[in-house]
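[1] everything below, folded, please.
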Amino acid sequence: MNNSAHLDTLIEKHHSLQAAIDDEIHRPLPDQTRLTQLKREKLKLKEQISSQTQ
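    Got it, this is the predicted structure:
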């Protein structure tokens, strides 16, 4: 996988995690543990994306 394709995959996963976070937030009783887990995964992806673009 070339660098551009890998970066595109990371960005796609990042967007997917944001959608999952939004879904969880808008539930009647959001699961705070799941939200924390999703946000941590999203942050890790953001760091990977950042390192790929430098």
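[2] from now on I want contacts and neighbour counts done on CA atoms only, so please keep to that.
    OK.
[3] which residues of this protein fall in helices?
    Here the chain has its helices, by DSSP state H, at 3-25, 32-53.
[4] mean pLDDT added to these, as CSV?
    Output for these, formatted as CSV (pLDDT from 0 to 100):
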stretch, mean pLDDT
helix 3-25, 96
helix 32-53, 96
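[5] buried stuff in stretch 24-44?
    E24, L35, L38, K39, K42 (16 or more other Cα atoms under 10 Å).
[6] nearest to L7, of the residues you listed?
    K42 (14.2 Å; Cα to Cα).
[7] any idea how far that closest one is from P28?
    K42 is 23 Å from P28, where distance means Cα to Cα, to the nearest Å.
[8] pLDDT at Q54, what is it?
    The pLDDT attached to Q54 in the predicted structure is 82.
[9] and what of N2?
    The per-residue pLDDT reported for N2 equals 81.
[10] how about the residue in the chain sticking out farthest from the centre, phi and psi?
    For the chain, the residue at maximal distance from the C-alpha centroid (Cα atoms, centre = their mean) is P28, at 22.1 Å. Backbone torsions of P28, given as degrees, to the nearest 10, read phi -60, psi -40.
[11] and R27, by the same measure?
    The phi/psi pair for R27 (degrees, to the nearest 10) is phi -70, psi 160.
[12] from K39, how far out is it?
    For R27, the distance to K39 - Cα to Cα - is 16 Å.
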